[in-house]
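Asks: predicted model, plus sequence, below.
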Amino acid sequence: MAQIAPADSDRLAKRIVAHHSFPGASHAAIERVLAKGDCKQLPHGALLCREGDPGSELFFLVRGNITVLRKDGNGEDRILSDMTCPCVFGHMSVIDGSRRSASCRANGPVEFVTLTRAQVDILLADGSAAGVALRRLLIASLCDQLSSANGFVRKLVLDHTDGNDPSIQKPTGTTSKPREADNDLRTLTAKLGGWDTSLSDLEQMEKEIEFYMDEDTRRTLNANGKKS
Amino acid sequence: MSSTANISKMFIFRDVPHKSIHELCTMAPPVSFNTGVTIFNQGDESDVALLLVEGKLGVEVSSAGKYRDVGQVNMGEIVGETALFARTGKRSATVRALEQSQCLLINPELLINAAKNPAVIAIERHLLGTLARRIRRTNQETAKIWKEFDARSEDKEPAAGLVTRLKSLFGGR
């Protein structure tokens, strides 16, 4: 197992803290997280993770660029986005146990740090500085991801509104841009192509979560019933 | 029954020692809201999230002076976490108490001063799962809408149908 070089760790940790906002953010704590991982290098074109595989590790990109791909309904790879340092990726599958929703390919030589699922599980339950930092970094990353997804949809709605619908209020100074809206629709097409494969997994996950919520409610109701 | 005892029974705190729950409640005493009270407004600046320990909250998004219900918060759920963990810092929705409710207020001071408290760790792990579920659900719903839209792409006004469905999910802003 190779550790990240101290200079790279310091640089990456500082960039992560500058990029994400979370209470108690400390680059020293992020460096402790990075020190637990395995630092690897891959050549251009190599796959870091493959769509449909189990999420066995999460990644911190140290150097280089990553292309995110998803197969469409015809089995063709579509490019969803490109990622550069600093970024943490591959964490959704590790957090919720779902399979990889996309593939990540090296666009040029890359260097990255991986944490195994077992390491992540230990850190997420841990009260150490590294545990706190990883939990909050992942929460901040997911908040950004959710805000971005909602913002994208809202922008799409705004761009497709011609001002005749009184229930939609555009911010002052916003004008409709049909050409930009068309580009957004094309982006959405690319992002959503071939999503069928994971729907059953998602529905199962939803049921499990609902079960937990029901269980919580039931326990409290039982407790209140005993009280009365 | 005391607030601490009630909170100890919550599923997310199932593995947390009673002592840690007591410490949490000392640092962040549960706050009560009467039915109908607005807890925070869309557009407000804030850095506090709520963990609902009793009651039910309603989430609304306003647009052009009209309010649209976009969901409910049930016991054990967290709301307003973006104010703590994202740079925007502004409330994206209005939250009201639909019934007499009690919440734990989670602010940066609590997270910094009680970072090692197992109850805080449990809240953060719960939040991770909640966010992952919301992202998956958002993507899933958007994908379903897009599939329907794509299937009707030869309609005269396909974008209008798409926008209507998106509006119903995400509000009109």
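Replies: Looks like it came in fine. Numbering: from 1, shown residues only, chains lettered A, B, ... in the order given.
Asks: could you use CA atoms for every contact and neighbour count after this?
Replies: OK.
Asks: for residue B:116, which three-state class applies?
Replies: coil (DSSP: H, G, I helix; E, B strand; the rest coil).
Asks: do the same with residue B:136
Replies: helix.
Asks: for residue B:44, see how far away it is.
Replies: According to CA to CA, to the nearest Å, residue B:136 and residue B:44 sit 27 Å apart.
Asks: residue B:106 now?
Replies: 16 Å.
Asks: same deal with residue B:77?
Replies: In terms of CA to CA, residue B:77 sits 21 Å off from residue B:44.
Asks: which residue ranges of the chain form helices?
Replies: In the absence of a named chain, this looks at chain A. A:6-19, A:27-36, A:91-96, A:117-124, A:129-159, A:178-192, A:199-227 (DSSP state H).
Asks: oops, I was thinking of chain B
Replies: Using DSSP H, helices in chain B cover B:3-8, B:18-27, B:82-85, B:108-113, B:118-151, B:158-170.
Asks: now, of the ones you listed, which is deepest in the fold?
Replies: helix B:82-85 (a mean of 24; mean count of other CA atoms under 10 Å in any protein chain shown).
Asks: any idea of the mean pLDDT for that helix?
Replies: Averaging pLDDT along helix B:82-85 gives 83.
Asks: same thing with stretch B:144-155?
Replies: Here stretch B:144-155 scores 63 as its mean pLDDT.
Asks: look up which residues are beta-bridged to residue 68.
Replies: By default, I'm working from chain A. For residue A:68, the beta-bridge partners under DSSP bridges are residue A:81, residue A:104.
Asks: the intended chain is chain B.
Replies: On the basis of DSSP bridges, residue B:68 is bridged to residue B:61.
Asks: with the one 5 residues further on instead?
Replies: Residues found in beta-bridge contact with residue B:73 (criterion: DSSP bridges) are residue B:57.
Asks: the residue nearest to residue B:33 when sequence neighbours are not counted: what's it in contact with?
Replies: Nearest residue to residue B:33, sequence neighbours excluded (CA to CA, 6 or more residues apart in numbering or on different chains): residue B:101, at 5.2 Å. By CA atoms under 8 Å, 6 or more residues apart in numbering or on different chains, the contact set of residue B:101 is B:32-35, B:52-57.
Asks: from chain A, how far off is residue B:101?
Replies: Distance of residue B:101 to chain A, computed by CA to the nearest CA, to the nearest Å: 14 Å.
Asks: got it, and residue B:90?
Replies: Residue B:90 is 12 Å from chain A, by CA to the nearest CA.
Asks: pull out the buried residues from stretch A:25-41.
Replies: Applying a neighbour-count criterion of 16 or more other CA atoms under 10 Å in any protein chain shown, one finds A:25-40 buried in stretch A:25-41.
Asks: among these, which one lies nearest to chain B?
Replies: Taking CA to the nearest CA as the measure, chain B sits nearest to residue A:25 out of the buried residues of stretch A:25-41, at 9.3 Å.
Asks: from residue A:42, how far out is that closest one?
Replies: 30 Å.
Asks: tell me the confidence at the nearest residue to residue A:114 once chain neighbours are set aside?
Replies: Excluding the flanking residues, the one nearest residue A:114 by CA to CA, 6+ apart is residue A:59, at 4.6 Å. pLDDT, residue A:59: 96.
Asks: thought residue A:59 was touching residue A:92?
Replies: No. If you go by CA atoms under 8 Å, residue A:59 and residue A:92 don't touch, sitting 11.1 Å apart.
Asks: export the helices of chain B to a markdown table and tack on distance to residue A:64?
Replies: Converted to a markdown table, the helices of chain B look like this (distance: least, CA to CA, whole Å):
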| stretch | distance to residue A:64 |
| --- | --- |
| helix B:3-8 | 47 |
| helix B:18-27 | 43 |
| helix B:82-85 | 27 |
| helix B:108-113 | 34 |
| helix B:118-151 | 27 |
| helix B:158-170 | 36 |
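Asks: with distance to chain A added, can I get those helices in TSV?
Replies: As requested, the helices of chain B are arranged in TSV below (distance: least, CA to the nearest CA, whole Å):
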stretch	distance to chain A
helix B:3-8	8
helix B:18-27	13
helix B:82-85	5
helix B:108-113	6
helix B:118-151	6
helix B:158-170	5
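Asks: compare those and give me the one nearest residue A:51.
Replies: Taking CA to CA as the criterion, residue A:51 comes closest to helix B:118-151 out of those, the separation being 15.3 Å.
Asks: what's that closest one packed up against?
Replies: If you count contacts as 3 or more CA pairs under 8 Å, 6 or more residues apart in numbering or on different chains; DSSP states H and E, helix B:118-151 packs onto helix A:91-96, helix A:129-159, helix A:178-192, helix A:199-227, helix B:18-27, helix B:158-170.
Asks: if you average pLDDT over each of those, which is lowest?
Replies: helix A:199-227 (a mean of 44).
Asks: for the residue most central in space within chain B, name its beta-bridge partners.
Replies: Centroid-nearest residue in chain B, with CA atoms, centre = their mean: residue B:79, separated by 2.1 Å. Following DSSP bridges, residue B:79 is listed with bridge partners residue B:50.
Asks: stretch B:30-40: how far from the chain's middle?
Replies: 14 Å (CA atoms, centre = their mean, to the nearest Å).
Asks: for it, how far is the first residue from the last?
Replies: Start-to-end, stretch B:30-40 (CA to CA) is 16 Å.
Asks: circling back to that earlier point, of the contacts of residue B:101, grab the buried ones for PyMOL.
Replies: Buried residues within the contacts of residue B:101, by 16+ other CA under 10 Å, are selected in PyMOL with:
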select buried, chain B and resi 33+52+53+54+55+56+57
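Asks: just give me the closest of the contacts of residue B:101 to residue A:96.
Replies: residue B:52 (22.4 Å).
Asks: got the contact list for that closest one?
Replies: Contacts of residue B:52 (CA under 8 Å, 6+ apart): B:73-78, B:101-104.
Asks: tell me the contacts of residue A:122?
Replies: Residue A:122 touches residue A:131, counting by CA under 8 Å, 6+ apart.
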